Structures are given as structure tokens and as C-alpha cells.
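# quick one, structure for this:
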Amino acid sequence: MKTEYDLSKLKSRKNPYASRLKKPVTMRLSEDVVEYFKGMAAEAGVPYQSLINLYLRDCLANNRKVQIKWPSAG
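Numbering: from 1, shown residues only. Predicted structure coming up:
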């Protein structure tokens, strides 16, 4: 491998897959939920946002559905 390369003639181009990688979103999460994931992320050595993404991806892969039971009025 050469120790020096001439990159002055190299043309840059956008990554065609970059827009598919991640989509920034804004969410409101309870403090205890954020702290829970931050703690787990610290133990695993990954950013907590990545851990939340991995958890949601696992839900997607396993077709998990949320079961919401609202308290009955009265």
C-alpha cells in the first residue's frame, strides 16, 4: 500500500443508504424509563438511544403487540 495517495481528483458523493439508516424522532419518555435504559446501556457499554432502538427492533422482529388495559370508569 502506498504511504501517500493523491485524493485531490477524487469526487465526493452522498451515501445512497444514509437516509435509510436512522430517522431522527422526538419522543417524550418518562424519567424512570430513560434512567432504566441509561443504566442498562452503561452496563452494556452502548449509547442508551441505541439500546432503545435495539429493543424496539427486537419487538418488531418478534411481532410483539402491546396489550393496553385502561382502568374502567366507575
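# for the chain, which spans come out with low pLDDT?
The chain contains residues with pLDDT under 70 at 1-3, 19, 74.
# tell me where it has helices.
Under the criterion DSSP state H, the chain contains helices at 18-21, 31-44, 48-61.
# can I get those helices in a markdown table including distance to residue 6?
Heads up, the C-betas are built off the backbone N, CA and C, glycines and all. As requested, the helices of the chain are arranged in a markdown table below (distance: least, C-beta to C-beta, whole Å):
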| stretch | distance to residue 6 |
| --- | --- |
| helix 18-21 | 26 |
| helix 31-44 | 42 |
| helix 48-61 | 37 |
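# okay, these in a markdown table with mean neighbour count and distance to residue 8 next?
Shown next, in a markdown table, are these (neighbours: other C-beta atoms under 10 Å; distance: least, C-beta to C-beta, whole Å):
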| stretch | mean neighbour count | distance to residue 8 |
| --- | --- | --- |
| helix 18-21 | 8 | 24 |
| helix 31-44 | 12 | 42 |
| helix 48-61 | 13 | 36 |
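# among those, which is nearest residue 73?
Closest approach to residue 73 among those (C-beta to C-beta): helix 31-44, 26.2 Å.
# and that closest one, what other elements does it pack with?
Other helices and strands packing on helix 31-44, by 3 or more C-beta pairs under 8 Å, 6 or more residues apart in numbering; DSSP states H and E, are helix 48-61.
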